[in-house]
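Colleague: Model the following, please.
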Amino acid sequence: MKRLLCEEKVEIPEGCSVEILERVMTVRGKRATAVRDLSHFVLTMDVHEGHVRLRYGMAQQGAQQADYVCICDQNCIVGCMSGYEYTLRLCTSTFNERSDRDDGKTVVVKNFLDRSMLGDTKCAETLLRGSAPRKTRLLWRAPRWRMCLSLRERFRKTVR
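Modeller: This is a model prediction of the structure:
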């Protein structure tokens, strides 16, 4: 019986180190260290010649898993090397006199309805003015992309 193996590669840039032990991937970069447990995927992973190499069977499920793991690896590498930015648009008609900015680094949203998040959130130094005078964009920087996505989803719930 023949078994076909396919292979995917993700490049590791200079200044970034990737270690894989028993399908637990550790990425170290300038800004952060990320640890991902990928043991539930049916893949073979190793570091080979400056690349993360993924090997899988020829099934469609293996190809989908390899694509997902490649995207996760790329996101971890980018997040650990340069960080992520998310621009949130605060509309003063939605947050009418209920959001304050303290110290230039913290935004306190007083009418926040989600109980799983604290009322103050660290953000970048500057608030970017939008084209309309009533809209302001808020720039978030975080070493992990999930932090930016969770902040975005929590604010979406309150706006809707």
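Colleague: List the buried residues for the host helix or strand of Q64?
Modeller: Using DSSP states H and E, Q64 falls within helix 60-81. Going by neighbour count (16 or more other C-beta atoms under 10 Å), the buried part of helix 60-81 is 62, 65-66, 69, 72-73, 75-81. The way it works is simple: take the backbone N, C-alpha and C, and place the C-beta from them, glycine included.
Colleague: again with stretch 32-42
Modeller: So for stretch 32-42, counting by 16+ other C-beta under 10 Å, buried means 34, 36, 38, 41.
Colleague: nearest to E8, of those?
Modeller: F41 (12.1 Å; C-beta to C-beta).
Colleague: got the contact list for the residue nearest to the closest one when sequence neighbours are not counted?
Modeller: Spatially, and ignoring its direct neighbours in sequence, F41 is nearest to Q65 (4.9 Å; C-beta to C-beta, 6 or more residues apart in numbering). Taking C-beta atoms under 8 Å, 6 or more residues apart in numbering as the contact definition, Q65 lies against 41-43, 56.
Colleague: Just name the closest of the residues you listed to C16, please.
Modeller: L43 (20.7 Å).
Colleague: what about that closest one, how many residues close to it?
Modeller: A count of neighbours around L43, defined by other C-beta atoms under 10 Å, yields 18.
Colleague: ok, now which ones touch it?
Modeller: Taking C-beta under 8 Å, 6+ apart, one finds 23, 54-56, 62, 65-66, 69 in contact with L43.
Colleague: Tell me the spacing between it and A32.
Modeller: To A32, L43 is 24 Å away according to C-beta to C-beta, to the nearest Å.
Colleague: in this protein, which spans are strands?
Modeller: Counting by DSSP state E, the chain has strands at residues 5-11, 17-21, 24-28, 33-37, 44-48, 51-57, 84-91, 99-102, 106-109, 120-122, 127-129, 135-142.
Colleague: For stretch 76-91, the averaged confidence score.
Modeller: The average pLDDT for stretch 76-91 rounds to 70.
Colleague: May I see the contacts of Q65 organised as JSON lines, with distance to L4 added?
Modeller: JSON lines is the format used below for these (distance: C-beta to C-beta, whole Å):
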{"residue": "F41", "distance to L4": "18"}
{"residue": "V42", "distance to L4": "15"}
{"residue": "L43", "distance to L4": "15"}
{"residue": "Y56", "distance to L4": "10"}
